[in-house]
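Novice: Got a predicted structure plus its sequence, pasted below:
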Amino acid sequence: MSSEPVFVLPGDHIPPDLVPSHPKKPLRLGPGLRHVPPNDVVPTLAGQLVTDRPKNAIRVETSHGRYVPRVGELVIGTIHKSAADVYYVHLSDHTAPVLLPQLSFESATKKTRPVLAPGALVYARVTLANKHMDAELECVSSSTGKSDGLGPLTGGMMFDISLGMARRLMMPKSVQEGKIVVLEELGALGLQFDTATGRNGRFWVDSENTKTVLAVGRAIQETDERRLGVEDQRKLVRKIIKDLS
């Protein structure tokens, strides 16, 4: 990935050194880009330019707008309904449901598969994303057969966040790379909670204390909506802790 964020506007010139050039793989243009012959790549959306050199791929990522599933991404879905062998799952408003096979849970058989009612939440991985077919999810690792943290999310609350905030929270080093310190600060001050972040702009929090759940959700949403920097995040945390006491 690019080490420094590069933001582009529709029609901007993209420097050639930012476009991956793998000697054997074709260049893959993702959402927000189009090819202008002979050699130009031009943004059609405003957002962050994201380069994946190992895959020889490049795309424009917006903080807002509709989530588009991509294979391998982790998402939080809401069960819409069940059919014979699959659940229909909503990943975002105003989009068609995706499919979650009922046996794609750890140790699931026809007798032991989880029974999920409409409205239930699941943490899942995208396994199929093709514009010609319905996207599919799984709640088990196909390589290990283990859930690896995926599956039904029981209890807690879900909060809507921007796609950009979801991306920052899911970075391997969200504090250093994503500049998100609120979760670390809240934990350091004694709050105990569990979280899950969906790449589709959903953030789930659980704790034995309902006030803690609301405090963590509020901290993330305010950081997102107000675009708070690191120091302002720390001020927000101190205010939230004061309100809790």
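Specialist: It's in.

Novice: The helix or strand encompassing residue 125 pairs with which strands?
Specialist: Per DSSP states H and E: residue 125 is located in strand 121-130. Next to strand 121-130 in the sheet, as set by DSSP bridges, lie strand 74-82 (antiparallel), strand 133-138 (antiparallel), strand 151-153 (antiparallel).

Novice: Outside of the longest one itself, which residues are in contact with it?
Specialist: With Cβ atoms under 8 Å, 6 or more residues apart in numbering as the contact definition, strand 74-82 has outside contacts at 67, 69, 87-91, 97-98, 100, 102, 116-126, 137, 150, 153, 158, 170, 196-200, 202-204. No exception for glycine: its C-beta is placed from N, CA and C like everyone else's.

Novice: Buried residues of that strand, list them for me.
Specialist: Neighbour counts over strand 74-82 (16 or more other Cβ atoms under 10 Å) mark 74, 75, 76, 77, 78, 79 as buried.

Novice: Just the CA trace of the strand holding residue 125, in PDB.
Specialist: Extracted C-alpha coordinates of strand 121-130, given in PDB (Å, rounded to 0.1, in the frame of the first residue of the first chain):
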ATOM      1  CA  LEU A 121     -25.700  -9.600  13.600                       C
ATOM      2  CA  VAL A 122     -22.900 -11.700  12.100                       C
ATOM      3  CA  TYR A 123     -19.200 -11.000  11.700                       C
ATOM      4  CA  ALA A 124     -18.100 -12.500   8.400                       C
ATOM      5  CA  ARG A 125     -15.600 -12.500   5.600                       C
ATOM      6  CA  VAL A 126     -16.400 -11.900   1.900                       C
ATOM      7  CA  THR A 127     -15.600 -14.900  -0.200                       C
ATOM      8  CA  LEU A 128     -17.200 -14.000  -3.500                       C
ATOM      9  CA  ALA A 129     -17.600 -10.600  -5.000                       C
ATOM     10  CA  ASN A 130     -18.500 -10.500  -8.600                       C
END
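
Novice: Please shift the residue numbers so they start at 42 in all later answers.
Specialist: Right, with 42 as the first residue, what we last looked at is strand 162-171.

Novice: domain assignment for this protein?
Specialist: Domains of the chain are assigned by the TED database as 48-102, 114-195, 199-285.

Novice: Pick out the shakiest of those, pLDDT-wise.
Specialist: Ranked by mean pLDDT, these end with domain 48-102 in last place, scoring a mean of 83.

Novice: how long is that one end to end?
Specialist: End-to-end span of domain 48-102 (Cα to Cα, to the nearest Å): 9 Å.

Novice: Report the contact partners of the residue nearest the centre of the chain.
Specialist: By Cα atoms, centre = their mean, the chain has its centre lying nearest to residue 240, at 1.0 Å. Residue 240 makes contacts with 108, 111, 114, 115, 116, 204, 207, 208, 211, as judged by Cβ under 8 Å, 6+ apart.
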